[in-house]
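In: I would like to see how this sequence folds:
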Amino acid sequence: MITTDQTVQTFLDFFGERGHELTPGGTLIPSPADPVLFTTSGMHPLTPYLMGRPHPLGRRLTGSQRCLRTTDLDEVGDDTHLTVFEMLGSWSLGDYGGSRSLRWGFELLRDGFGIDPGRMHVTVFGGDDHVEPDHESWRTWEELGVPVEPTTDENWWDNGPTGLCGPDSEIFVWTGDELPRGTPTSEERWVEVWNHVMMRYVRHPDGSLEPMRQPCIDTGMGLERLVRILQNTQSVFEIDILRPWLSTLSRIWGPLDERSLRLLSDHLRSSIVVLGDRVTPSPSGRGHILRRLIRRTLTTLWRDDPTRTLLDLPIELVDHTLGHFRQSVPSRDVRTLLLAEERKFDLLLQRGRKVLSHRRFSGPLTGDDYHYLHDTHGLPRDLVVYLTTDAER
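Out: Numbers count the residues shown, from 1 in each chain. Okay, here's the model as predicted:
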């Protein structure tokens, strides 16, 4: 069975053999000029070069980038979503076009990773009132014998209301036990593994589209989702790099329901990676995201048993995660920061319970109550909701 590390190397070797230079990748922390808190995609660090600036490594690039997204926090615990994940990518900065990118993608999935083409399905941009269908991608897939489903919004990529945009083509793999059926938009067992974006336009504030002088190709493939398919597991949490989390946490803190166990594994692992990039908990910015992850961990951990503690977290799990992401922060320093945050949160909960015990808050809380608790006592609404729900239990 192919491992996660072998999967990464197979991907990078494939594109390296086709003239792609390896980008540094790595840290979750964007450049100082970037307004976002964390790197959210593989193409994120390459935005200036996709816009036309010459890249020092050339016009064909590949790499593996760790990413963090908080937009899907409520989805964490299902079979596919993670807060910190890795994105494999390949890029053409005005070099080759979409057809070559799709053909290479098909070749790598079929020959490099051994995925049966009969388990593949793709979607392409089917056109709208402003842009015609992506005929090139559609024709390429038909020539390769892969079934195509056209869509509109689902296959139009953009980076916001203005800026780079264009049609994309997504490759799906069937994960059901029986023969494939339906299409990616009608059957959830078709799982997306790779998106090929044809960056052809720049959208201006008035909504108009200007063709790019140097069209680019940006592909992104979620590593953990791919490995789930290659290792034939039910979810991303059962692949080789995440399986130790489930087995260890269920041993030290069991019994836990499956979704809670997955959330704890994800949020603790993500917190370790963020700490490994030298972010520390704080009331704002990146530190606030980290604090939120740790506190969501603790509220889940204490929901059924308030005696559980991060003191029980084996240092081996911290070592395993930092080692996988090639981070040099000492694991004991990371563990010390986690425990310090646990103590701070416990004190905050104690203070919150004392404040909420006042008869003023004996009935249903109003909007004014929430404002008062936040502004006067530093108790955010989600924490107050947690404490009141906990008291009702």
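In: going forward, measure contacts and count neighbours with C-alpha atoms only.
Out: Will do.
In: Sketch out the low-pLDDT regions of the protein for me.
Out: 390-393 (pLDDT under 70).
In: Could you identify the longest helix within it?
Out: The single longest helix within the chain, with elements called by DSSP state H, is helix 331-356.
In: Can you point out the buried residues in that one?
Out: Buried positions in helix 331-356, judged by neighbour count with 16 or more other CA atoms under 10 Å: 331, 334-335, 338-339, 341-342, 345, 348-349, 352-353, 356.
In: so which of those residues comes closest to T39?
Out: Checking the buried residues of helix 331-356 against T39 with CA to CA, the nearest one is V334 at 20.8 Å.
In: Surely the closest one is in contact with I272?
Out: Yes: here V334 reaches I272: they are 6.6 Å apart, a contact under CA atoms under 8 Å.
In: overlap in contacts of these two?
Out: V318 (CA atoms under 8 Å, 6 or more residues apart in numbering).
In: Packing partners of the following helix or strand past the longest helix of the chain?
Out: Elements were assigned by DSSP states H and E; along the chain past helix 331-356, the next helix or strand is helix 367-377. Judged by 3 or more CA pairs under 8 Å, 6 or more residues apart in numbering; DSSP states H and E, the packing partners of helix 367-377 are helix 381-392.
In: quick one, the longest helix of the chain and helix 381-392 angle?
Out: 70 degrees (axes from the mean of the first three to the mean of the last three CA atoms, to 10 degrees).
In: What is the neighbour count of the closest residue to S235 other than its chain neighbours?
Out: Distances taken as CA to CA, 6 or more residues apart in numbering place D79 nearest to S235, at 4.3 Å, with adjacent residues excluded. For D79, the tally of surrounding residues (other CA atoms under 10 Å) stands at 17.
In: D79 and I229: what is the separation?
Out: According to CA to CA, to the nearest Å, D79 and I229 sit 12 Å apart.
In: and if you look at G276?
Out: 28 Å.
In: swap in L347?
Out: Noted for L347: a distance of 43 Å to I229, by CA to CA.
In: all strands for this structure, in order.
Out: Ranges of strands in the chain, per DSSP state E, are 21-22, 60-68, 84-93, 120-125, 148-151, 156-158, 163-174, 190-203, 209-222.
In: Dump the ones you listed into JSON lines; add mean neighbour count as well.
Out: JSON lines is the format used below for the strands of the chain (neighbours: other CA atoms under 10 Å):
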{"stretch": "strand 21-22", "mean neighbour count": "18"}
{"stretch": "strand 60-68", "mean neighbour count": "24"}
{"stretch": "strand 84-93", "mean neighbour count": "24"}
{"stretch": "strand 120-125", "mean neighbour count": "25"}
{"stretch": "strand 148-151", "mean neighbour count": "18"}
{"stretch": "strand 156-158", "mean neighbour count": "19"}
{"stretch": "strand 163-174", "mean neighbour count": "24"}
{"stretch": "strand 190-203", "mean neighbour count": "23"}
{"stretch": "strand 209-222", "mean neighbour count": "20"}
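In: I'd like to know which of those lies nearest to I315.
Out: Closest to I315 of these, according to CA to CA: strand 84-93, at 19.6 Å.
In: With just CA atoms, put that closest one into CSV.
Out: The C-alpha trace of strand 84-93 is given here as CSV (Å, rounded to 0.1, in the frame of the first residue of the first chain):
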residue,chain,number,x,y,z
VAL,A,84,-4.8,21.8,8.1
PHE,A,85,-4.1,19.9,5.0
GLU,A,86,-1.6,19.5,2.2
MET,A,87,-2.1,20.6,-1.4
LEU,A,88,-0.1,19.1,-4.2
GLY,A,89,0.2,21.5,-7.2
SER,A,90,1.6,22.1,-10.6
TRP,A,91,1.7,25.4,-12.5
SER,A,92,2.3,26.6,-16.0
LEU,A,93,3.2,30.3,-16.0
